[in-house]
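Trainee: coordinates only, sequence not included:
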């Protein structure tokens, strides 16, 4: 197992790459499909620019682990004819990423989250650390899931898109991973049931999961995470782990808060042992890191109180990377095998 961090930009400075290397990061995950050169101009990345970026990253001893395809918009998911080219751009992007030797791609779909139904708040934790909180209790919008008909229409568009993407990744020899819906509210397409359904509909070994421990714990706590690691892991469908901790869960507390790795409800070392049991050998990524004193966080409007991606001098990321490295060393000692 190795350590990766997410960045939301391709404009990484030498200082960014030096700090990553100094902290022991192995790989970079790119979380925004629109950040690659060429996407805004032609709809998919420019191969030459991508290869230059990869060479520069590798010159610091790092590599690219996962990238994001151009987003599929709300218009595409609604079946608008003028948006049909979007999925063709994603197929073209798969071919570019494969030619550049990048192993994992992710496709984002508009409408897979219902975050307008929760109230986001600033959670204060030990020593005043700031973290993202999401609450159903304090939301002013009554919870109302889509109708079954609307859900099935959305799912048909997903099946149509994946029906084009899956043959592309099979031919290219790379993996297509899906992140669960965050927050995992009732009826979200990639909550527990929909998430499993992806593998049922597309049994290809190239189809699997960017498994987010924190997001899935938001739905059912650590016991659900253990069950899902075993379910997906023994089938070889865990492509990347978002290794993060939370407090609370939507079914039990009506809310959850993201937390530092040692300060949430889950025992992260036990989860690492579960990953070891199922033979997981990919990257661990500490995404959605709480904001510590002195941080210069990478803020997103939807997650205003956590570090979404890597930021130069991020104390929260440095703490999380060090914690994961220590857990991996402990795993080596306990199991008597290399990570």
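Mentor: Everything's here; your move. Keep in mind the model is a prediction, meaning the values are calculated, not measured.
Trainee: just checking, what packs against the helix or strand of the chain with the lowest mean pLDDT?
Mentor: Ranked by mean pLDDT, DSSP states H and E, the weakest helix or strand in the chain is strand 306-307, scoring a mean of 83. Under the contact criterion of 3 or more C-beta pairs under 8 Å, 6 or more residues apart in numbering; DSSP states H and E, strand 306-307 touches strand 130-135, strand 289-290. Backbone N, C-alpha and C define where each C-beta goes, glycine included.
Trainee: And the next helix or strand past the first one?
Mentor: Read it as strand 130-135. Downstream of strand 130-135, the first helix or strand assigned by DSSP states H and E is helix 148-172.
Trainee: Off-centre distance for that next one?
Mentor: 19 Å (C-alpha atoms, centre = their mean, to the nearest Å).
Trainee: can you tell which of the helices and strands packed on strand 306-307 is closest to residue 155?
Mentor: strand 130-135 (24.3 Å; C-beta to C-beta).
Trainee: For the helix or strand hosting residue 210, what does the pLDDT average out to?
Mentor: Element membership for residue 210, per DSSP H and E: strand 207-212. Here strand 207-212 scores 98 as its mean pLDDT.
Trainee: And the helix or strand residue 123 falls within, what's buried?
Mentor: Applying DSSP H and E as the criterion places residue 123 in strand 119-124. Using 16 or more other C-beta atoms under 10 Å as the test for burial, strand 119-124 gives 120, 121, 123.
Trainee: For residue 237, state which of the residues you listed is nearest.
Mentor: residue 120 (30.9 Å).
Trainee: pLDDT below threshold where in this protein?
Mentor: Residues of the chain meeting the criterion pLDDT under 70: 299-303, 338-339.
Trainee: show me where it has strands.
Mentor: Listed in chain order, the strands of the chain (DSSP state E) span 2-7, 27-30, 63-68, 104-106, 119-124, 130-135, 175-178, 207-212, 238-242, 245-247, 255-259, 283-285, 289-290, 306-307.
Trainee: Highest mean neighbour count out of these?
Mentor: Highest mean neighbour count among the strands of the chain (mean count of other C-beta atoms under 10 Å): strand 289-290, with a mean of 30.
Trainee: Would you mind measuring from residue 189 to residue 274?
Mentor: Separation of residue 189 from residue 274 (C-beta to C-beta, to the nearest Å): 26 Å.
Trainee: Between these two, point out the one with more neighbours.
Mentor: Neighbour count, other C-beta atoms under 10 Å: between residue 189 and residue 274, residue 189 has more, with 23 against 18.
Trainee: Now do the phi/psi pair for the residue nearest to that one when sequence neighbours are not counted.
Mentor: Leaving aside its chain neighbours, residue 189 sits nearest to residue 112 (4.8 Å; criterion: C-beta to C-beta, 6 or more residues apart in numbering). Backbone torsions of residue 112, given as degrees, to the nearest 10, read phi -90, psi 0.
Trainee: hang on, the earlier thing: partners of the least confident helix or strand of the chain, with directions?
Mentor: Strand 306-307 pairs in its sheet with strand 289-290 (antiparallel), by DSSP bridges.
Trainee: now the strand it pairs with, how far from the chain's geometric center?
Mentor: 14 Å.
Trainee: again, but for stretch 125-145
Mentor: With C-alpha atoms, centre = their mean, you get 20 Å for stretch 125-145.
Trainee: Then stretch 253-261?
Mentor: For stretch 253-261, the distance to the chain centre is 17 Å (C-alpha atoms, centre = their mean).
Trainee: Now do it: distance from first to last residue.
Mentor: Terminal residues of stretch 253-261 lie 20 Å apart, using C-alpha to C-alpha, to the nearest Å.
Trainee: Enumerate residues external to that stretch that contact any of its residues.
Mentor: By C-beta atoms under 8 Å, 6 or more residues apart in numbering, the residues outside stretch 253-261 that reach it are 123, 125-126, 129, 131-138, 183, 214, 217-218, 243-250, 264-265, 268, 286, 288-290, 306, 316, 319-320, 323-324.
Trainee: burial of the residue nearest to residue 189, as a residue count?
Mentor: By the criterion of other C-beta under 10 Å, residue 112 has 20 neighbours.
Trainee: Which neighbouring elements make contact with the strand holding residue 210?
Mentor: Counting contacts by 3+ C-beta pairs under 8 Å, 6+ apart, strand 207-212 is packed against helix 148-172, strand 175-178, helix 192-201, helix 213-233, strand 238-242.
Trainee: Just the residues contacting that strand, thanks.
Mentor: For strand 207-212, contacts defined as C-beta under 8 Å, 6+ apart pick out 66, 104, 106, 162, 166, 169, 175-180, 182, 195, 198-199, 228-229, 232, 236-242, 244, 287.
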